[in-house]
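Undergrad: show me the folded form of this:
(one chain, ligands or ions: 2)
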Amino acid sequence: MTEQPTTAAPETSYRQRVISTIVREHQSLWRILDLLDQLQHDMNINEQQPDGALFSKVFDYIQHFARRVRGSAEEIVLYRLLGEKSPETRPLLDKLAHGYVIGDGKINELRDLLARCMQHWPEGREDFSHALARFTEALRKHIKKEEGVVIPRARQLLTEDDWRLIVETRDQANDPLFGERVREEFRELRHHIVSYTPERLGGLGLQPAPQAAAAAAGGELLAIQGLKTSYGQIEALHGVDIRINSGEIVSLVGANGAGKSTLLMTISGLQPTDSGSITFEGKDLAKVGADQRVAQGIVQVPEGRQVFKDLSVEDNLVLGAYTRGRSAEVNDDLERMYSKFPILRQKRRNLAGELSGGQQQMLAMGRALMAKPRLLLLDEPSMGLAPLIIEEIFNIVKELKEEGITIFLVEQNASQALALADRGYVLETGRVVVEGTGRELLSNEKVREAYLGM
Ligand SMILES: Nc1ncnc2c1ncn2[C@@H]1O[C@H](COP(=O)(O)OP(=O)(O)OP(=O)(O)O)[C@@H](O)[C@H]1O
Ligand SMILES: [Mg+2]
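TA: Ligands and ions are numbered 1, 2, ... in the order given. Just a heads-up that it's a prediction; the model follows:
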């Protein structure tokens, strides 16, 4: 009688599942490191300008991973469990965990060096190449330590319950290896890398879309990298990275004083940049003044509306079009604003200062729309308004998106802002601490606790 094949005992399968997941991840990371080596070789030996799109996809991937696990060894379940059973391994585990934190900053440096190197090619190549080599070496060491020390010790010391706990941590802790939702994101990022890798290097050879086409197709509209800014001696933003794709609503939430308004002012060019970069449609804004930014389509509705109180509603609206000059076209737009916001037509001759808070918010938005924004920056549009009007404001934001305007929405009203958003960021004391799709942020423990009061 032949025996039916039995499924492996669960005790072996949990352990094997964890280890094979880690090893598979290492292999795939190792291939990406090999790819970086080849790209570096092309750059140094074959004098090829670096492929910015491909490099940044690789950086996105590694950085995403580092951010998911950054923190102490306590947050990586495998490290925590092993550390408890093997105190002599703890220093190594701490070091490895710390590597994720450092790695994140290193990637930002690499991005800066890459940008510089691409702008002034071949100047800056050496710096970039050097930093890249150090980075890949560190990452390879990390992998070797995990495979050479961490896994063998864990294999010896962890129990089946431990291994099961590691597997079952899943999405609860954003674990990049065992969280299924998180794994999805990595699959997508890796797919991008493979797509952009040239065929001769074993990839699919996708050509990056030209910038204009990319914007129309939902490509990157605004990219902020490593942004720092200060008020006098006091740094308010400590290296912020944010990306806004064309056609998206991106929400930024955060407590009082986190730096949300500062960030918007920096994008508008009203607050100077200490370091880092802001690019709009791939063009660096460093030397573009605030007025020119408005003319290019970056328009802000400031916190607290800030309408011109002593001017009429109509004059406020017309002033919104100041970068365009007064023309028949502006008159048409005025008409469109009045149909969008009938209350403004009714109050057109009133002084803006006579309007209620909700009416002033409509005016502030109407004024911004007169400038024909492509990227609309909204700073807490719902602040201090009644629920009925807040709802109306969020409806208008949705409508604007449908009209093709990309929106960066700063809100304290986190649940509504995130429900509306394609993607979102959480800013805490000048740093982005969480990012993800609107839905992810709504279900993120930390966000729920700190910003949704749950
Ligand atoms: N003009 C200024 N001069 C000096 N410090 C400032 C100035 N404006 C803001 N700050 C400081 O910079 C930090 C960020 O402030 P910011 O107004 O950007 O925060 P915010 O997230 O918009 O907060 P809020 O929710 O209150 O609007 C705070 O510590 C604030 O005190
Ligand atoms: Mg603010």
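
Undergrad: which secondary structure element contains the spatially most central residue of the chain?
TA: With distances taken as Cα atoms, centre = their mean, I242 lies nearest the centre of the chain, 4.2 Å away. Counting by DSSP states H and E, the element that carries I242 is strand 234-245.

Undergrad: what are the ranges of the helices in the stretch 1-150 of the chain?
TA: 10-44, 52-69, 77-85, 90-119, 125-145 (DSSP state H, counting those that start in this stretch).

Undergrad: any chance of those in CSV, plus mean neighbour count?
TA: (Each C-beta comes from the backbone N, C-alpha and C, glycine too.) Shown next, in CSV, are these (neighbours: other Cβ atoms under 10 Å):
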stretch, mean neighbour count
helix 10-44, 16
helix 52-69, 21
helix 77-85, 20
helix 90-119, 18
helix 125-145, 16
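
Undergrad: just name the shakiest helix or strand of this protein by mean pLDDT.
TA: The weakest-scoring helix or strand in the chain, judged by mean pLDDT, DSSP states H and E, is helix 211-216 (a mean of 39).

Undergrad: what packs against the strand holding I242?
TA: Counting contacts by 3 or more Cβ pairs under 8 Å, 6 or more residues apart in numbering; DSSP states H and E, strand 234-245 packs against helix 90-119, strand 220-231, strand 249-253, helix 260-268, strand 406-411, strand 423-428, strand 431-437.

Undergrad: ok, the residue in the stretch 201-350 of the chain that ligand 2 sits nearest to to V426 distance?
TA: The stretch 201-350 of the chain approaches ligand 2 most closely through S261 (3.1 Å), counting by Cβ to the ion. S261 sits 15 Å away from V426, going by Cβ to Cβ, to the nearest Å.

Undergrad: which residue of the two possesses the greater neighbour count?
TA: Just comparing S261 and V426: by other Cβ atoms under 10 Å the higher neighbour count belongs to V426, 24 against 19.

Undergrad: ok, for that one, nearest residue in space, not its chain neighbours?
TA: Nearest non-adjacent residue to V426, counting by Cβ to Cβ, 6 or more residues apart in numbering: V434, 4.2 Å away.

Undergrad: verify the stated contact: the one you found with L427.
TA: No. Counting by Cβ atoms under 8 Å, V434 does not reach L427; the two are 9.3 Å apart.

Undergrad: can you tell me how far the nearest residue to D274 once chain neighbours are set aside sits from G239?
TA: Closest residue to D274 apart from its sequence neighbours, by Cβ to Cβ, 6+ apart: K228 at 4.3 Å. For K228, the distance to G239 equals 6 Å [Cβ to Cβ].

Undergrad: tell me which strands the strand holding I242 pairs with, and in which orientation.
TA: Under the criterion DSSP bridges, strand 234-245 sits next to strand 220-231 (antiparallel) in its sheet.

Undergrad: okay, the angle between the partner strand and helix 52-69?
TA: Counting by axes from the mean of the first three to the mean of the last three Cα atoms, to 10 degrees, strand 220-231 lies at 60 degrees to helix 52-69.

Undergrad: what mean pLDDT does strand 220-231 have?
TA: For strand 220-231, the mean pLDDT works out to 95.

Undergrad: gap between it and the chain center?
TA: Offset of strand 220-231 from its chain centre (Cα atoms, centre = their mean, to the nearest Å): 11 Å.

Undergrad: same check on stretch 348-367?
TA: Computed by Cα atoms, centre = their mean, the chain-centroid distance of stretch 348-367 equals 33 Å.

Undergrad: contacts for that stretch next, please.
TA: Contacts of stretch 348-367 from elsewhere in the structure, counted by Cβ atoms under 8 Å, 6 or more residues apart in numbering, are 301-302, 305-314, 316-317, 319-320, 337-338, 340-341, 343-344, 347, 378, 381, 384-386, 389, 392-393, 396.

Undergrad: rewinding a little: let me know which of the helices of the stretch 1-150 of the chain is the nearest to N444.
TA: Checking the helices of the stretch 1-150 of the chain against N444 by Cβ to Cβ gives helix 52-69 as the closest, at 11.7 Å.

Undergrad: counting by contacts, list what the closest one packs against.
TA: Using 3+ Cβ pairs under 8 Å, 6+ apart, helix 52-69 is in contact with helix 10-44, helix 90-119, helix 180-196.

Undergrad: the residue nearest to D274 pairs with what?
TA: Counting by DSSP bridges, K228 is bridged to H238, S275.

Undergrad: so what's it up against?
TA: Here K228 is in contact with E235, L237, H238, G239, V240, T273, D274, S275, G276 (criterion: Cβ under 8 Å, 6+ apart).

Undergrad: 6 Å instead, please
TA: L237, G239, D274, S275, G276 (Cβ atoms under 6 Å, 6 or more residues apart in numbering).

Undergrad: closest one to E199 out of these, please.
TA: Distances from E199 to the contacts of K228, taken by Cβ to Cβ, are shortest for G276, at 34.4 Å.

Undergrad: how far away is the closest one from D284?
TA: G276 sits 11 Å away from D284, taking Cβ to Cβ as the criterion.

Undergrad: distance-wise, check A236 relative to ligand 1.
TA: 4 Å (Cβ to the nearest ligand atom, to the nearest Å).

Undergrad: can you report how many residues lie near that residue?
TA: 21.

Undergrad: and if you look at P387?
TA: Per other Cβ under 10 Å, the neighbour tally for P387 reads 8.

Undergrad: can you check the pLDDT for L369?
TA: Per-residue pLDDT puts L369 at 94.

Undergrad: which element is the spatially closest residue to it that is not a sequence neighbour on?
TA: Closest residue in space to L369, ignoring its immediate chain neighbours: M337 at 6.4 Å, by Cβ to Cβ, 6+ apart. Taking DSSP H and E as the criterion, M337 maps to helix 328-340.

Undergrad: got the buried residues for that helix?
TA: Across helix 328-340, burial judged by 16 or more other Cβ atoms under 10 Å covers V330, D333, L334, M337, Y338, K340.

Undergrad: and if you look at stretch 415-434?
TA: Buried residues in stretch 415-434, counted by 16+ other Cβ under 10 Å: 415-418, 420-428, 430, 432-434.

Undergrad: so which of these also contact ligand 1?
TA: The subset of the buried residues of stretch 415-434 lying close to ligand 1, counting by Cβ under 6 Å from any ligand atom, is empty.
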